[in-house]
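Participant: Mind folding the following:
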Amino acid sequence: MTMRFSVLASGSTGNAFYLETNKTRLLVDAGLSGKQLDRLFGEIHVDPSKLSGILVTHEHSDHIKGLGIIARKYNLPIYANEKTWHAMDKNIGELSLDQKFHFDTNSIKTFGDIDVESFSVSHDAVDPMFFTFHHRNKKVALVTDLGYVSEKIKKTIEGANAYIFEANHDVSMLQMGRYPWNVKRRILGDSGHVSNEDCGLALSEIISNKTERVYLAHLSKDNNMKELARMSVDHVLRERGIQLNLFDTDPSTPTPLYEVM
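Facilitator: So this is what the prediction gives:
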């Protein structure tokens, strides 16, 4: 079997991503309550006690809310970079030393039969990083929570078989919405989040004929809608002569486990 994955939850309220092979099971982020995480795992028929480890992208609460709870409950190892450990330590409660591991930004770490490459992103956290997962010449890229997609990131994630890619907001909805201006400026800035249009533009430069599907992720509940995100990204891609299978993600419903072909 090759890799299989599910976007357990994605959005402003909480994020969690699951990826497995026959030998290795990884969770990225645990931004929901322990109870919610157990429910999500139950919906895809995965036993969280069998996880090989939890990878952490950054310290914002929508990514670590249930981290300490699930790690203690199932005695799981956690992997994060040094600055993220310092930033989140006080928010995740007591953990034993044998549960705390370092995973440096811009490095590769092997978990069983999966090579995981971390890369830094521009976001207003201390040292945010996301990941590409490699197994048997297949590649899955997880890319959310970034203000813009740099050339370096494009190089790292290009040619993946599947993407979980941020389409956070519709710019017009955000500009006309109820958020105070300083919050709007943060989201629109280089350390904020990627818009639907910028998602489409970035994808048009990095996908290849190996790319099977793209999951649009981390949608704002106030400044976006699934249909609008899909339509906007699809429009940008079609303008460039690209047809691609786009899939929704949800803040409270996991995507069905998908096997990378």
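
Participant: any idea where the helices of the chain begin and end?
Facilitator: Counting by DSSP state H, the chain has these helices, from start to end: 34-43, 61-64, 67-74, 82-92, 151-157, 171-176, 181-188, 196-206, 226-239.

Participant: Minimum distance to Gly14: which of the ones you listed has it?
Facilitator: Gly14 lies closest to helix 61-64 among the helices of the chain, at 5.2 Å (Cβ to Cβ). (Glycine included, C-beta is placed from N, CA and C.)

Participant: Please enumerate residues in contact with that closest one?
Facilitator: If you take Cβ atoms under 8 Å, 6 or more residues apart in numbering as the criterion, helix 61-64 is touched by 11-15, 29-31, 56-57, 88, 91-92, 145.

Participant: Turn the helices of the chain into TSV, including distance to Leu216 and mean neighbour count.
Facilitator: Formatted as TSV, those follow (distance: least, Cβ to Cβ, whole Å; neighbours: other Cβ atoms under 10 Å):
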stretch	distance to Leu216	mean neighbour count
helix 34-43	19	17
helix 61-64	17	21
helix 67-74	25	20
helix 82-92	25	17
helix 151-157	15	16
helix 171-176	15	15
helix 181-188	17	14
helix 196-206	7	22
helix 226-239	5	17
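
Participant: Dump those helices to a markdown table, plus mean pLDDT and distance to Ser49.
Facilitator: Formatted as a markdown table, those follow (pLDDT from 0 to 100; distance: least, Cβ to Cβ, whole Å):
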| stretch | mean pLDDT | distance to Ser49 |
| --- | --- | --- |
| helix 34-43 | 98 | 10 |
| helix 61-64 | 98 | 20 |
| helix 67-74 | 98 | 4 |
| helix 82-92 | 97 | 19 |
| helix 151-157 | 97 | 31 |
| helix 171-176 | 88 | 40 |
| helix 181-188 | 88 | 37 |
| helix 196-206 | 97 | 35 |
| helix 226-239 | 97 | 32 |
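
Participant: Out of these, flag the one nearest Ile108.
Facilitator: helix 151-157 (10.9 Å).

Participant: Highest neighbour count among the contacts of helix 61-64?
Facilitator: Within these, most neighbours by other Cβ atoms under 10 Å means Ala30, with 31 neighbours.

Participant: What distance do you get for that one to Ile54?
Facilitator: Separation of Ala30 from Ile54 (Cβ to Cβ, to the nearest Å): 6 Å.

Participant: Overlap in contacts, the two.
Facilitator: Contact criterion Cβ under 8 Å, 6+ apart; residues shared by Ala30 and Ile54: Leu67, Ile70, Ala71.

Participant: Was I right to think the first one contacts Ile78?
Facilitator: Yes - between Leu67 and Ile78 there is a contact at 6.7 Å, judged by Cβ atoms under 8 Å.

Participant: Spit out the residues that contact those two alike.
Facilitator: Ile54, Val56.

Participant: How is the protein divided into domains?
Facilitator: In terms of domains, the chain is parsed into 1-105, 137-247 (source: automatic domain parsing).

Participant: Go through the contacts of helix 61-64 and name the one nearest Lys109.
Facilitator: Proximity of these to Lys109 (Cβ to Cβ) peaks at Val56, which lies at 12.7 Å.

Participant: Now do stretch 73-82: distance to the chain's middle.
Facilitator: Using Cα atoms, centre = their mean, to the nearest Å, the distance from the centre of stretch 73-82 to the centre of the chain it belongs to is 17 Å.

Participant: Now it: buried residues?
Facilitator: Across stretch 73-82, burial judged by 16 or more other Cβ atoms under 10 Å covers Leu76, Pro77, Ile78, Tyr79, Ala80, Asn81.
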